[in-house]
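**Student:** No letters, just coordinates:
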C-alpha cells in the first residue's frame with residue numbers, strides 16, 4: 001500500500017504540473033491571430049502540458065538517482081543498498097516517461113513554430129525537414145536521447161560508481177532546457193542562461209530529492225533519519241540557489257515596473273510566492289520533522305509536510321513552463337545591437353589595457369565557482385588549525401591564486417572580450433588550461449578535504465570523505481591520469497578544437513563557451529595532477545617521468561602557435577565577420593588570429609617555469625624529509641646503518657690487503 005501511495009503522489013504531482021502549465025499558458029498566450037497560421041488547440045494546450053510532465057519527470061529522475069548515490073548510504077562493498085536499488089528501478093520508469101515526453105515535444109515544437117496542426121506534420125512529412133532548422137526541436141531530441149540513456153543505465157546499474165554516472169547523465173539531460181527559451185535570447189542572455197542553469201539544477205535536486213525521500217519513507221523507512229538529515233542540508237542550499245538565481249533571471253527578463261502590469265510579471269510574482277511558501281515549509285520541516293525522525297523514527301510529520309511541499313513544487317514547475325510560453329513585456333528586441341544579440345552585451349571599444357583590467361562582467365558560473373571554492377578551502381584550513389594541525393601557507397596561496405586566475409580569465413575585461421576576438425579568447429584559453437590548473441593542483445584541495453572531513457566509523461555509512469577517496473581510486477581516474485592519456489588530452493585539445501570545425505560551430509552558442517572553459521580547466525588539471533600535484537594520485541610518476549611529460553608537451557604547443565601564425569584561413573570567420581558589422585573598431589581577423597597564435601606560442605614558457613620551480617621545491621622537500629627520517633632513525637638505533645656501512649668498508653679493505 002505504501003508503494004502505491006508514493007506512486008500515486010508522484011502521478012498526482014506530474015498531473016498537477018501539466019494542468020497548471022496548460023491552463024496558465026492558455027490564458028497568457030494569445031490564440032489564433034487573424035492572418036497568421038494557427039497551430040491548433042492540440043498544440044496550444046498539449047505543448048505546455050507535455051513539457052510540464054517532461055520537466056517533472058526529469059526532476060524525479062535526477063532526485064531518484066541522487067537518492068541512490070548520495071542520500072541513501074551504499075554498502076561497504078561498493079554496491080547500492082536496497083533503498084538505492086529501489087530508487088534506481090523507479091528512475092527507470094520516470095526516465096522512460098521523460099524520454100517519451102521529450103520525443104513528443106519535437107513535433108509539438110515544430111507545429112508551434114510553423115503554425116500548422118501537429119497532425120499535418122505526420123501526414124505531409126515535413127517534420128524531418130523542419131527539425132534540422134529548428135534549434136528548440138533539436139534540443140528536445142537531445143533531451144530524449146539522454147533520458148533514454150538514463151532509463152537503460154538506471155536499469156542496469158548496481159554499483160555505486162555506475163549510479164553516479166547515471167546521476168551525471170541525468171543532470172546533463174537538464175542542460176538543453178537551460179539554453180533554450182527566453183533566457184537564451186535578447187540582451188544579457190549570458191547572465192540569464194547562467195542563472196537558469198543554477199535554477200534548474202537546484203530545483204531538480206530539491207524536487208526530485210524530496211519525492212525520492214517520501215517514496216523511501218512510504219516504502220520502508222530504514223535509515224530514513226540519515227537520509228532526511230542529508231536531504232535537509234542539501235535542500236537549504238538548493239533553496240538559496242533557487243532564490244538568488246531566480247531573482248537574477250527575472251531582473252534580466254522583466255523591468256520592475258512591469259511586474260504587476262503584465263502577464264509575464266504576474267507569473268514571476270506567483271512563482272516568487274510559491275518559492276517563499278516552499279522555503280517556509282522547508283524551514284518547518286528542518287525544525288520539527290527532521291528532529292522527530294532522527295530522535296524517534298516518527299515519519300508522520302515528515303510525510304505530511306513533504307506531501308504538501310511536493311505538490312507545491314510540481315505546481316511551481318507548471319508556473320515555470322507557463323512563464324516560458326509567455327512573451328516577456330516590452331518590444332525592445334529589435335533595438336538590440338549586433339553585439340548584444342550575439343554576445344549578450346555591448347563592447348565599449350577596442351581592448352585597451354585599462355578596459356582589460358577594469359571593464360569587468362561577472363561570470364555567474366565560473367566567478368561563483370571561484371568564490372565558493374576559495375571559501376570552502378579557507379573553511380577547511382580553519383578547521384585544521386582549530387584542532388592544532390598545520391597546513392602549509394604556500395598551498396593556500398597557490399589555491400587562491402589559481403581561482404583568481406579563473407576569475408580574471410572569465411570575468412575581467414579578458415573574459416568580456418574573449419567571445420569577440422580570437423586573440424583574447426586565446427589569452428583566456430591559456431590562463432584556464434595552463435596556468436590556473438598548475439596552481440590549483442599545488443593547492444592540494446583533495447588532501448585538505450581528506451584531513452578536514454570526518455571519517456566514517458567502522459560499520460557507519462560512507463560520507464563525503466569516502467566518496468572523495470572512491471573518486472581518486474576509481475578506474476576512470478586511473479585511466480585519465482595515465483601519462484599517455486593525460487598528454488594526449490592536454491595537447492590534442494588544441495588541434496581537435498580549432499582545426500576540426502568545432503570552434504566555428506561553438507562560437508555562436510553561450511553554452512558551448514561554458515563547456516569549452518570547463519574542458520580547458522579539467523584537461524589542464526588532469527595533466528598537472530600526476531606531474532606536480534600534492535594530492536594522492538592513482539599513478540605516481542618518478543621525477544624524471546614528470547619532467548618528461550612537461551617537455552613532451554612543449555613542441556606540440558609551439559607547433560600549434562606556428563600553424564596559427566602562418567595560416568591564411570580565419571578560424572570562426574563567419575561569426576567574427578558578422579560580429580564585426582556591429583564594431584566600428586573591429587580588428588583585421590587574420591592579424592588578430594596570428595596575434596592569438598603568437599600568444600599561444602609564447603605562453604607555454606610561463607607554465608613551464610611554474611612546473612620546474614614546483615618540481616625543484618618538491619624534490620628539495622623530499623630530500624629534506626628523507627634526511628630527517630634518517631637522522632631520527634640514527635638517533636633511535638645508535639646510527640646502526642652508518643656502523644654497518646663502515647664495517648663493510650673495513651671488510652673490503654681487509655680482503656684487498658696483500659697477504660704476507
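**Tutor:** Sure thing, it's come through. This structure is a prediction, so every number in the text was calculated from the model and none was measured.
**Student:** Which residue ranges make up each domain of the protein?
**Tutor:** Per automatic domain parsing, the structural domains of the chain span 2-31+38-336, 356-603, 626-656.
**Student:** Highest mean neighbour count out of those?
**Tutor:** Of these, the one with the most neighbours on average (mean count of other C-beta atoms under 10 Å) is domain 2-31+38-336, at a mean of 20. C-beta: built from backbone N, CA, C; applies to glycine.
**Student:** Hmm, residue 603 and residue 430 touching each other?
**Tutor:** Yes - counting by C-beta atoms under 8 Å, residue 430 touches residue 603, with 4.2 Å between them.
**Student:** In contact with the residue nearest to residue 403 when sequence neighbours are not counted, which residues are there?
**Tutor:** Once flanking residues are discounted, residue 403 sits nearest to residue 370: 4.1 Å by C-beta to C-beta, 6 or more residues apart in numbering. By C-beta atoms under 8 Å, 6 or more residues apart in numbering, the residues touching residue 370 are 403, 404, 406, 407.
**Student:** In helices, which of the residues you listed fall?
**Tutor:** Among these, DSSP state H puts 403, 404, 406, 407 in helices.
**Student:** Of those residues, just say which sits nearest to residue 345.
**Tutor:** residue 407 (17.9 Å; C-beta to C-beta).
**Student:** what are the ranges of the strands in the stretch 501-650 of the chain?
**Tutor:** Shown for the stretch 501-650 of the chain, no strands are assigned by DSSP state E, counting those that start in this stretch.
**Student:** The chain now?
**Tutor:** Counting by DSSP state E, one finds no strands in the chain.
**Student:** if I pick residue 66, what's in contact with it?
**Tutor:** Counting by C-beta under 8 Å, 6+ apart, residue 66 makes contact with 167, 205, 208, 209, 212.
**Student:** now those as CSV including distance to residue 352 and pLDDT?
**Tutor:** Shown next, in CSV, are the contacts of residue 66 (distance: C-beta to C-beta, whole Å; pLDDT from 0 to 100):
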residue, distance to residue 352, pLDDT
167, 46, 92
205, 43, 88
208, 48, 83
209, 48, 83
212, 53, 80
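**Student:** Distance to residue 578 added to these, as a markdown table?
**Tutor:** As requested, the contacts of residue 66 are exported to a markdown table (distance: C-beta to C-beta, whole Å):
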| residue | distance to residue 578 |
| --- | --- |
| 167 | 39 |
| 205 | 38 |
| 208 | 40 |
| 209 | 43 |
| 212 | 46 |
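**Student:** taking these one by one, which sit in helices?
**Tutor:** Taking DSSP H as the definition of helices, the contacts of residue 66 contribute 167, 205, 208, 209, 212.
**Student:** Go through the residues you listed and name the one nearest residue 582.
**Tutor:** Distance to residue 582, by C-beta to C-beta, is smallest for residue 205 among those, at 39.2 Å.
**Student:** quick one: contacts for the nearest residue to the closest one once chain neighbours are set aside?
**Tutor:** Among residues not flanking residue 205 along the chain, residue 238 sits closest, at 5.4 Å (C-beta to C-beta, 6+ apart). Taking C-beta under 8 Å, 6+ apart, we find residue 238 in contact with 202, 203, 205, 206.
**Student:** before we move on, what about residue 398?
**Tutor:** Contacts of residue 398 were listed using C-beta under 8 Å, 6+ apart, and they are 439, 440, 442, 443.
**Student:** The second one is in contact with residue 400, isn't it?
**Tutor:** No - using C-beta under 8 Å, residue 440 and residue 400 do not qualify as a contacting pair, with a distance of 10.0 Å.
**Student:** Now tabulate the contacts of residue 370 in a markdown table and tack on distance to residue 229 and pLDDT.
**Tutor:** Below are these laid out as a markdown table (distance: C-beta to C-beta, whole Å; pLDDT from 0 to 100):
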| residue | distance to residue 229 | pLDDT |
| --- | --- | --- |
| 403 | 30 | 96 |
| 404 | 35 | 96 |
| 406 | 33 | 96 |
| 407 | 34 | 96 |
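**Student:** low pLDDT regions in the stretch 1-150 of the chain?
**Tutor:** For the stretch 1-150 of the chain, the stretches with pLDDT under 70 are 1-39, 76, 120-129.
**Student:** show me where the stretch 101-250 of the chain has helices.
**Tutor:** Remark: helices assigned in the stretch 101-250 of the chain by DSSP state H, counting those that start in this stretch are 118-124, 127-130, 135-156, 160-178, 189-219, 224-253.
**Student:** quick one, the last one and helix 189-219 angle?
**Tutor:** What it means is helix 224-253. Computed by axes from the mean of the first three to the mean of the last three C-alpha atoms, to 10 degrees, the angle separating helix 224-253 from helix 189-219 equals 160 degrees.
**Student:** mind listing what residue 511 touches?
**Tutor:** By C-beta under 8 Å, 6+ apart, the contact set of residue 511 is 175, 178, 179, 193.
**Student:** let's see it at 10 Å
**Tutor:** Going by C-beta atoms under 10 Å, 6 or more residues apart in numbering, residue 511 touches 139, 175, 176, 178, 179, 180, 184, 193, 194, 197.
**Student:** coming back round to it: quick check, nearest of the contacts of residue 66 to residue 529?
**Tutor:** The closest of the contacts of residue 66, once distances to residue 529 are taken by C-beta to C-beta, is residue 167, at 23.4 Å.
**Student:** In space, what's closest to that closest one - neighbours in sequence excluded?
**Tutor:** residue 65 (3.9 Å).
**Student:** can you tell me how far the one you found sits from residue 212?
**Tutor:** According to C-beta to C-beta, to the nearest Å, residue 65 stands 9 Å off from residue 212.
**Student:** Between the two, which contacts overlap?
**Tutor:** Residues touching both residue 65 and residue 212 (C-beta under 10 Å, 6+ apart) are 84, 87, 91, 94.
**Student:** For those residues, give me JSON lines that also has distance to residue 551.
**Tutor:** Output for those, formatted as JSON lines (distance: C-beta to C-beta, whole Å):
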{"residue": "84", "distance to residue 551": "46"}
{"residue": "87", "distance to residue 551": "49"}
{"residue": "91", "distance to residue 551": "47"}
{"residue": "94", "distance to residue 551": "51"}
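**Student:** Surely residue 547 touches residue 531?
**Tutor:** Yes - here residue 547 lies in contact with residue 531, judged by C-beta atoms under 10 Å, at a distance of 8.3 Å.
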